[in-house]
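*Asks:* sequence and predicted structure, then a few things I'm wondering about:
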Amino acid sequence: MRRALAAGIVALALAPVAAASPVLAWQPDAKPLLPSAAAQRHAVARLTRLGRPVFCAGPAGDAVALTFDDGPGPFTQRVLDELREHDAHATFFLVGNRIGYWPEAAAAERLVGAVGDHTWSHPPLTTLPRWAVWLELARTRESVRRALGGEPTLFRAPYELHDETVDGVVRRSGMLDVLWSVDSGDSDPHATARRVVRRVLRGLRPGAIVLMHDIHPWTVAALPRILAALDRRGLRAVSVPELLALDPPADAAACPIPRAGD
């Protein structure tokens, strides 16, 4: 009896462990980690203190930032669905007077990335007096605060129009002005999904910030192809704060900015 028991113990000790339960077996996480919320806040705050617009991040990583302006709108939910399906993040620059029409959009957008201020009524800010610039930003910040419980720290000027007055109001509002290195061209008069894809893919490289708009159906149609191209190229779509924390820009002038004729 004792000999049989001893033989059984030896056999168990020498048996291979290949039959371990897959539930209990350690599985390495293949997905790259994203920066913590604290690291993202620190990265944005540091660049905000410099007081200069950001066009891109550094070129050393594997991430790009897809950004969507002028929403929320009737196509925003489809954009969110597509991002979730691809496990992708993005940043949405909201026009304040549209938030009331889609009151739940801001919270849904924050779940897949970040939300920024794109003014209250989308005017060319350089044509306004300082007090009107301040009001355009402040009204949207308040609308976002009501929707999310916190004010946005990112800003984007409509039409890319900014000057010393606008930049000063943005700085005093504690926000970082985020521009872009890749223009999708989805607001061009003859834009199509195919043209949007072609413009975006031409500029896709690590650290890029891509300008799009979630108010155009052709942009929604282009998005799955853009996300699939990111996967093929070994890139991932992250929010602007995540991108800036992963690989901060060393020099905005070093951002390669494709032009319409490139």
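*Replies:* Okay, I see it.
*Asks:* which stretches of the stretch 151-262 of the chain have low pLDDT?
*Replies:* Residue ranges of the stretch 151-262 of the chain with pLDDT under 70: 251-262.
*Asks:* and stretch 228-245, how far apart are its ends?
*Replies:* Terminal residues of stretch 228-245 are spaced 24 Å apart (Cα to Cα, to the nearest Å).
*Asks:* so for it, what gets flagged as buried?
*Replies:* 230, 235-245 (16 or more other Cβ atoms under 10 Å). The C-beta positions use only the backbone N, C-alpha and C, and glycine is treated the same way.
*Asks:* ok, these vs Trp131, which is closest?
*Replies:* Val240 (28.1 Å; Cβ to Cβ).
*Asks:* enumerate every residue touching that closest one.
*Replies:* With contact set as Cβ atoms under 8 Å, 6 or more residues apart in numbering, Val240 has these partners: 44, 54, 65, 67, 91, 113-114, 116, 154, 178, 209.
*Asks:* can you redo the buried residues of stretch 228-245 as JSON lines with distance to His162 and secondary structure?
*Replies:* Conversion of those to JSON lines gives the following (distance: Cβ to Cβ, whole Å; DSSP: H, G, I helix; E, B strand; the rest coil):
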{"residue": "Leu230", "distance to His162": "29", "secondary structure": "helix"}
{"residue": "Leu235", "distance to His162": "29", "secondary structure": "coil"}
{"residue": "Arg236", "distance to His162": "29", "secondary structure": "strand"}
{"residue": "Ala237", "distance to His162": "26", "secondary structure": "strand"}
{"residue": "Val238", "distance to His162": "25", "secondary structure": "strand"}
{"residue": "Ser239", "distance to His162": "22", "secondary structure": "coil"}
{"residue": "Val240", "distance to His162": "17", "secondary structure": "helix"}
{"residue": "Pro241", "distance to His162": "20", "secondary structure": "helix"}
{"residue": "Glu242", "distance to His162": "24", "secondary structure": "helix"}
{"residue": "Leu243", "distance to His162": "21", "secondary structure": "helix"}
{"residue": "Leu244", "distance to His162": "19", "secondary structure": "helix"}
{"residue": "Ala245", "distance to His162": "24", "secondary structure": "helix"}
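*Asks:* among the contacts of Val240, which lie within helices?
*Replies:* Val44 (DSSP state H).
*Asks:* the contacts of Val240: which two are farthest apart?
*Replies:* Val54 and Gly113 (15.9 Å).
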